[in-house]
Each structure stands twice: as structure tokens, then as C-alpha cells.
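Novice: Give me coordinates for this.
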Amino acid sequence: MSAKPLAELIDDCIAPALAAQGFAGRAIVSLWPEIVGERLAARSRPLRIDWPKRRPGPGEAAQPATMVVRVEGAFALEMQQLGPLVVERVNTHLGWRAVGKLVLKQGPVAPPSAPARPAPALEAAAAARIDDQVSPIADPGLREALARLGRAVAQRQRQAGSGRE
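Specialist: Numbering: from 1, shown residues only. Okay, the predicted model is just below:
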């Protein structure tokens with residue numbers, strides 16, 4: 001049995017929540033800055049995709065969906081002007097004309113999470129002990145992954161212990 005990337009496990013966990021909002025996967029939500037650019041992404045977030053209620057009949061073209069995006073109040077006018085470009089970028093990312101219209105909802109947009117500050121270095125003795133424990137593992141990828149996990153656990157225990165003093 002091989003290890004699965006964390007992204008695959010996360011997809012299974014958040015898929016029902018995203019599906020309830022009309023998203024087929026996490027791509028639009030997680031890649032929003034790459035789709036629309038950092039400047040637009042800093043002031044907007046995709047909320048949901050509203051798909052047409054009626055299925056197309058035989059020979060009819062499918063109607064595109066409406067994407068609902070939250071934008072900061074002062075930025076709404078600019079986002080409205082850039083709406084066709086955003087729709088084009090989303091459709092290009094998806095590979096088909098899924099979205100036909102953008103609806104803007106004004107409201108606060110949470111800033112992207114700040115990068116975590118680096119944890120203090122682990123003591124050499126603890127790092128050596130962890131490396132010794134994982135050394136019998138033959139697969140180098142698994143060995144390194146377990147060593148990283150061991151170091152992270154040791155650092156967390158160390159931080160929790162120093163917080164009690």
C-alpha cells in the first residue's frame with residue numbers, strides 16, 4: 001500500500017461542502033489567486049456556482065452557470081468591470097464554457113492566512129533520536145516523511161511543554 005498525497009484525502013473531506021455550493025471540486029476555490037490574479041483574489045472570494053435548474057433537451061445547448069463572488073464593497077465596481085475577464089479565466093481554467101455570468105455579493109473578504117512563522121529548531125539530540133528511529137525503513141521517501149512527522153511532533157510537544165512553565 002502506498003502513501004496518498006494529503007490533497008487526495010482533503011478532496012474527499014471537503015467535496016460534500018463544495019458540492020453543496022455548486023463546485024465540482026476544490027480547483028476554483030483553492031486556485032482562485034492563480035485564476036484571477038493576486039490583485040483580484042485579495043479582494044474577492046468565489047462563494048458558489050448556481051447551475052441552471054432545467055436540463056437541456058436533445059439538441060439544445062446547455063445553459064451556463066452563474067458564479068457568485070464575494071467582493072469588498074469599494075472593489076465591487078472594478079470587479080463588475082472585470083467580470084467578463086473573470087468569467088473567461090474561470091472557463092479557461094475549467095476547459096469549457098461552464099460559467100456565463102458573474103453575480104457580485106458585497107461583504108468583507110477575509111485576508112489570506114499569513115504564512116506561519118518558522119518553529120524553533122529542534123535540539124540536536126532529539127533530531128538524532130528521530131533519525132535513528134526511522135533509519136531501518138528502506139523506502140527513502142517514506143523514511144523522510146516519517147522523519148519530518150517525528151520532528152514536527154517533537155517540536156509541538158516541546159512548544160506545549162514550554163507553554164506550561
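
Novice: wait, is residue 47 part of a strand?
Specialist: Yes - assessed with DSSP: H, G, I helix; E, B strand; the rest coil, residue 47 lies in a strand.

Novice: my guess is it meets residue 105, correct?
Specialist: Yes - when contacts are counted by Cβ atoms under 8 Å, residue 47 is listed as touching residue 105 (6.4 Å). All C-beta atoms are positioned from the backbone trio N, CA, C, and that covers glycine.

Novice: Mind checking which of those two has more residues around it?
Specialist: residue 47 (18 against 13; other Cβ atoms under 10 Å).

Novice: nearest spatial neighbour of that one, skipping sequence neighbours?
Specialist: Once flanking residues are discounted, residue 47 sits nearest to residue 68: 4.5 Å by Cβ to Cβ, 6 or more residues apart in numbering.

Novice: Longest helix of this structure, counting residues only.
Specialist: When the chain is parsed with DSSP state H, its longest helix is helix 140-163.

Novice: For that helix, C-alpha coordinates in PDB please.
Specialist: Below are the C-alpha coordinates for helix 140-163, written out as PDB (Å, rounded to 0.1, in the frame of the first residue of the first chain):
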ATOM      1  CA  PRO A 140      13.700   6.800   1.200                       C
ATOM      2  CA  GLY A 141      10.500   8.800   0.600                       C
ATOM      3  CA  LEU A 142       8.700   7.100   3.500                       C
ATOM      4  CA  ARG A 143      11.700   7.400   5.700                       C
ATOM      5  CA  GLU A 144      12.000  11.200   5.100                       C
ATOM      6  CA  ALA A 145       8.200  11.700   5.500                       C
ATOM      7  CA  LEU A 146       8.300   9.900   8.900                       C
ATOM      8  CA  ALA A 147      11.300  11.800  10.000                       C
ATOM      9  CA  ARG A 148       9.500  15.100   9.200                       C
ATOM     10  CA  LEU A 149       6.500  13.900  11.100                       C
ATOM     11  CA  GLY A 150       8.600  12.900  14.100                       C
ATOM     12  CA  ARG A 151      10.400  16.300  14.100                       C
ATOM     13  CA  ALA A 152       7.000  18.100  13.900                       C
ATOM     14  CA  VAL A 153       5.600  16.100  16.800                       C
ATOM     15  CA  ALA A 154       8.700  16.600  18.900                       C
ATOM     16  CA  GLN A 155       8.600  20.400  18.200                       C
ATOM     17  CA  ARG A 156       4.900  20.600  19.100                       C
ATOM     18  CA  GLN A 157       5.500  18.700  22.300                       C
ATOM     19  CA  ARG A 158       8.400  20.900  23.100                       C
ATOM     20  CA  GLN A 159       6.300  24.100  22.500                       C
ATOM     21  CA  ALA A 160       3.400  22.700  24.600                       C
ATOM     22  CA  GLY A 161       5.800  21.900  27.400                       C
ATOM     23  CA  SER A 162       7.400  25.300  27.400                       C
ATOM     24  CA  GLY A 163       4.000  27.000  27.500                       C
END
